[in-house]
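**Q** Below: sequence and its predicted model.
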Amino acid sequence: MNDRISASSDTLMRQAPMTAALYLDAAIQEVEDRFGEGSAKDYPEIIAAFMAASASDFGASVIARALEAVADRSSQ
């Protein structure tokens, strides 16, 4: 499997808001499920923290995968 990014910068920029929307939807659902209806509006800082944690986790995973690929290539 090829994990290289083949999309252009323009495509990645257009996709970024879609990714943020996915994080936002997930954050709202999770916060509402855990703390009750209306809590997402009452505590926007929880939504922001959830979105930041989601993006950070995904970014770290992508970097780890890239480092593993580099390590695998260098050990061959």
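**A** That came through fine. Numbers count the residues shown, from 1 in each chain.
**Q** Mind naming the longest helix for the chain?
**A** Taking DSSP state H as the criterion, the chain has its longest helix at helix 44-74.
**Q** Give me the packing partners of that helix, helices and strands only.
**A** Applying 3 or more Cβ pairs under 8 Å, 6 or more residues apart in numbering; DSSP states H and E, one finds that helix 44-74 contacts helix 9-35, helix 39-42. All C-beta atoms are positioned from the backbone trio N, CA, C, and that covers glycine.
**Q** May I see the buried residues of that helix?
**A** By neighbour count on 16 or more other Cβ atoms under 10 Å, the buried set for helix 44-74 is I46, I47, F50, M51, S54.
**Q** Thought E32 was touching the second one, still the case?
**A** It stands for I47. No: distance between I47 and E32: 10.2 Å, which falls outside the contact criterion (Cβ atoms under 8 Å).
**Q** hey, what's in contact with both of these two?
**A** The contact sets of I47 and E32 overlap at A40 (Cβ atoms under 8 Å, 6 or more residues apart in numbering).
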